[in-house]
Structure formats: C-alpha cells, structure tokens
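>>> A predicted structure for the sequence below; I have some questions about it.
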Amino acid sequence: MTDKFVSAELPNINVNRRLFEIVTKCMVHGPCGIINPNAPCMKDGECSKQFPKAFREETEENVNGYPVYKRRCIESVRVGKHYIDNRWIVQYNPWLSKKYNAHINVEVCASVKSVKYLYKYVYKGHDAASITLKNDDIVNHDEILNFLDGRYVSAPEAMWRLKGQENEAVERASIKDTTLTAWFKLNLIDEEAHEYYYAGIPQYYVFDKPSTKWQKRQRGGQQVIGRMPVVSVQDSERFYLRMLLLRKTGVISFNDLKTIDGTLCETFQEACKVLGLLDGDQHWHDTLLEAARMQMPSYLRILFAIICGFGEVENIPDLWTQHKQSLSEDFVHRYSEETGPFYALAELNELLKSYGLNLRKVNLPSVDLQCDLFRLSHDAIEEQSKANANIEKLKSEQIYAVYKVLHAIYEYQTDMPKCFCWNRQNFCVFDSIACS
C-alpha cells in the first residue's frame, strides 16, 4: 500500500521520461558525505538527514512510525557532476511531482503519534505580530513592551471592543457556570452522575452552553471522549486539583473535593497526600504518559526537567527508563535507536541546570557527545540569513560597532576566550565568559 503512494526510487526513463527529469531535478539529496563534505546538511562529519540510505528490496512498514522505503540497487545515473542511485532519492509522490514540478517530500506517518503534530498546528493560538512605531532619532528599546504587544487584533475584533461589547461579555460570563461548577451542581441533583469521573461525564451528559448545565445525553455517547486542559507541574494547586478530579466522583464543591474521610484539607496538594496519590512515583508516570499522547518530545523533556526540579520524585532513573522512548522520539528518528537517547539526555542536562541540577545529581547516566546542542535546533545558513537581514537595519554607526566586534573575535589572536556569543552561524563553538 505504501509503495502505491510514495516512492524513493528513480522512475524508469523509458516509461515516464518527464517524471524522471522532475525527480532528478527536484528530489535528489545532496550529494553529501564523502562526495561533498561541505554540504549544508553535514553536521559533525555526518549527514543530518541520514543520506545515503541503504539499498532495500522491499518496503518495511512502520519502523518507529515511519516506513523504510524500497530502494533497489540499480545502475547509477549522472546528475550534474555526480553519479547517483536510489540511495539519494528523497521520498516523493509521483502524481504530486508531475503536477507541480517541484520539490515535495511525501512521508507516510503510520503511527498514532502523528496525531500530535496535527493537534499542535490546529491549536496554535491567536494571530500574533510584532509592530513597532519609532522615531529614527530616538532609540527606546523596551523588550518587555515589545513582548506584551505581540498579539494581533483584527479589524472585526477591534470594532467589537470599540463598541464596548467586551464589557457585556465579561459581565455575563461572571454569572455563568463553567463545565466544572456545572458538574458540581449536577452531582447535587442527579445520583446517577455520581458514578462518573469529571473527565468521563461528556460520554453520558452533554453540556448545554446557553443554560450552562449538563443534560443527559440521548445518543452518540460511545463516540465521545472527554478531555481536560493540560496543567503545568509549576502551577501546583491547579495540577493537584486536576489530579483529584481524575480520582473522585460525586463532588459537589471545591471544598468537597479537598475533603478526605470527613477532614477538610487546606490545599489540593495536601488532599492528594492524604488520599495517598503522592506515594511513590505513579502520579509522575501518569503525568508523562498523558502528556506523551498530545505533546512533542521537546515539551516532554521540559516537563521531565520540571518534575525533577519541583516534584518529589523517589526514583528518577526509573522514570527516565520507562519514558525514554517518548522523551527521545525525535532524536531517534533523526539519528538512530542507539544514539537518540544520548542526545535526549544531553538536552535534559542543559534543562536541569535551570534548577541547579545535572544528570549526575539526579542519578541519570552522564553523556559526552562530541557535538554542540545548539546545532541540533539551529541551522547555520538560516542564522546567517537572519544576521544579514538584521545588519541591513542598522545605522552606519551601529554597523561600524558590529564589524569592530566581529574583527576582534575572528582576527585578534589570543589563548584566552574574551567574549560571549548569542547566535552562532559558522559551525563554531564559543566559550562564554564575562569580561571587562
């Protein structure tokens, strides 16, 4: 089925000459490696895209969520200055390539994890823009103000605000129940609702927005999935409130939620402790498992570091071992099953520094990768383009200052590093120190 839609081979020139010409023009990677060690894709002496691929007689389905495509050994063909074969072909869809005559990389995502990527793009949030009005004679750079002014307000939204409609909306919202407080009221009047947790209530009841009440569902409940908002561990009270909602039924108020065996606890966290939910590390395992269903590996590593920094974890190595696959999924896809987890550990080590920790202090295996983590997420050519674009915005005096500093960095010879580097783009690693 995969071979029907995606190909990683050169077309037969005698059968489809036009497609052959398009593929050799648009879908050939590099070449790189020994043939061209200075190619942009080369990182630490290796191709970051893992080209050339290995020859393969048949497509192997679903390896870490992606197929390993068929690349049969054929006679090489000359493209430009080099001879290439199927090992250098980027995956493509023949119909799309012929229609658009362009580079269109098509992959088959055979894992349910791919849903997370779709979810991320659908719920990215409101439009944002950075707009600054300034006088060329006055330099007033306020980073905080620039950050706060990032939201883009469209013309219809501006009209709504200018007419004062938002005040009415706020006033009306203040007297309405949320889905949670409406659930409390439902438990007061409906004994049957006591059988269900808050997250499972949408399967049996539907929330009527005009009346802000839960009403018994008439049909279609089997296809409904309840979803609770994600809460950061750093927002401790909401985090433990959410934990209680996943484990208590028939709750009629916030105080009732904090009441355990007839005793009202002061905080939701205390209630979780009394209920025994914080014994051991199971709640941290549950947190990472739930996050892994919706979040990217980069976010999971941040969450793991937060748990280590703020949470009371009894066995961090076991937490890493059980969730290593989801924590290093992106690095495994980029590199390999063997080296991917080491890159994840290297990034975790950097994240843990924000909490005064490192891999050794949390009893995780130390790593010594001969690479710069900055290169893993930043492209040198892209950084150079950004630098050139920013330099064009500078005044003559500023340009003079920039090149004066760059000259001191690159030309002045000394055994002692004397500067720090913010964005790097020459594949160099600079030591960061303070200087006067």
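Received, thanks.
>>> please count neighbours and contacts with C-alpha atoms only from this point.
Fine.
>>> helix or strand right after the lowest-mean-pLDDT helix or strand in the chain?
Taking mean pLDDT, DSSP states H and E as the measure, the helix or strand of the chain with the lowest value is helix 373-377, at a mean of 50. Downstream of helix 373-377, the first helix or strand assigned by DSSP states H and E is helix 380-391.
>>> need the next SSE after that following helix, C-terminal direction.
Downstream of helix 380-391, the first helix or strand assigned by DSSP H and E is helix 396-410.
>>> show me the contact partners of stretch 23-31.
Applying CA atoms under 8 Å, 6 or more residues apart in numbering, the external contacts of stretch 23-31 come out as 10-11, 36, 39, 51, 79, 82, 84, 88-92, 97, 101-105.
>>> inside strands: which ones of these?
V79, H82, I84 (DSSP state E).
>>> show me the contacts for the closest residue to N255 other than its chain neighbours.
Closest residue to N255 apart from its sequence neighbours, by CA to CA, 6 or more residues apart in numbering: L264 at 6.9 Å. Contacts for L264 (CA under 8 Å, 6+ apart) come out as N255, D256, K258.
>>> break this structure into its domains for me.
Per the record, the chain has its domains at 120-173, 179-275, 281-362, by the TED database.
>>> between these, which one is nearest to C47?
Shortest distance between C47 and those, using CA to CA, is found for domain 281-362: 9.7 Å.
>>> surely E314 meets G280?
Yes: the pair E314 / G280 is scored as a contact, 6.5 Å apart, by CA atoms under 8 Å.
>>> next, E75: phi, psi?
When read as degrees, to the nearest 10, the backbone of E75 gives phi -70, psi 140.
>>> contacting residues around it?
Contacts of E75 by CA under 8 Å, 6+ apart are D85.
>>> so where's the protein shaky on pLDDT?
For the chain, the stretches with pLDDT under 70 are 62-65, 110-115, 121-127, 129-151, 165-174, 220-221, 369-382, 410-436.
>>> for it, which segments count as strands?
42-43, 46-47, 60-63, 66-68, 77-79, 82-84, 205-208, 213-216, 259-260, 263-264.
>>> dump the ones you listed to CSV, plus distance to S326.
What follows is the strands of the chain, written out as CSV (distance: least, CA to CA, whole Å):
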stretch, distance to S326
strand 42-43, 24
strand 46-47, 24
strand 60-63, 15
strand 66-68, 15
strand 77-79, 40
strand 82-84, 36
strand 205-208, 34
strand 213-216, 36
strand 259-260, 35
strand 263-264, 38
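>>> which one of the ones you listed lies nearest to K395?
For K395, the closest of these is strand 42-43, at 34.9 Å, according to CA to CA.
>>> please look at S253 and A182 and confirm they touch.
No: S253 lies out of contact with A182 (CA under 8 Å); the separation is 10.0 Å.
>>> okay, now the closest residue to K116 other than its chain neighbours: neighbour count?
Closest residue to K116 apart from its sequence neighbours, by CA to CA, 6+ apart: M294 at 5.0 Å. M294 has 19 neighbours, counted by other CA atoms under 10 Å.
>>> got it, and A54?
For A54, the count of nearby residues is 15 (other CA under 10 Å).
>>> kindly report the same for P31.
21.
>>> got it, and Y66?
Y66: 16 neighbours (other CA under 10 Å).
>>> do I have it right that it meets C109?
Yes: Y66 is in contact with C109 according to CA under 8 Å; the separation is 5.5 Å.
>>> so which residue is dead centre in the chain?
Centroid-nearest residue in the chain: M296, 3.8 Å away (criterion: CA atoms, centre = their mean).
>>> can you read off the backbone torsions of that one?
M296 has phi and psi values of phi -80, psi 160 when expressed as degrees, to the nearest 10.
>>> how close does it sit to I302?
As judged by CA to CA, to the nearest Å, M296 and I302 stand 10 Å apart.
>>> may I ask which of the ones in strands among the contacts of stretch 23-31 has the most neighbours?
The residue in those with the most neighbours, by other CA under 10 Å, is I84 (22 neighbours).
>>> for that residue, list each beta-bridge partner.
Counting by DSSP bridges, I84 is bridged to V77.
>>> what segments of the stretch 101-250 of the chain are helices?
Using DSSP state H, counting those that start in this stretch, the helices of the stretch 101-250 of the chain run over residues 114-122, 143-148, 155-162, 165-174, 179-189, 236-245.
>>> which parts of the fifth one are buried?
Buried residues in helix 179-189, counted by 16 or more other CA atoms under 10 Å: T179, L180, T181, A182, W183, F184, K185, L186, N187.
>>> between the residues you listed, which is closest to R72?
Taking CA to CA as the measure, T179 is the one of the buried residues of helix 179-189 closest to R72, at 57.0 Å.
>>> would you confirm that that closest one contacts F207?
Yes: taking CA under 8 Å as the definition, T179 is a contact partner of F207 at 7.2 Å.
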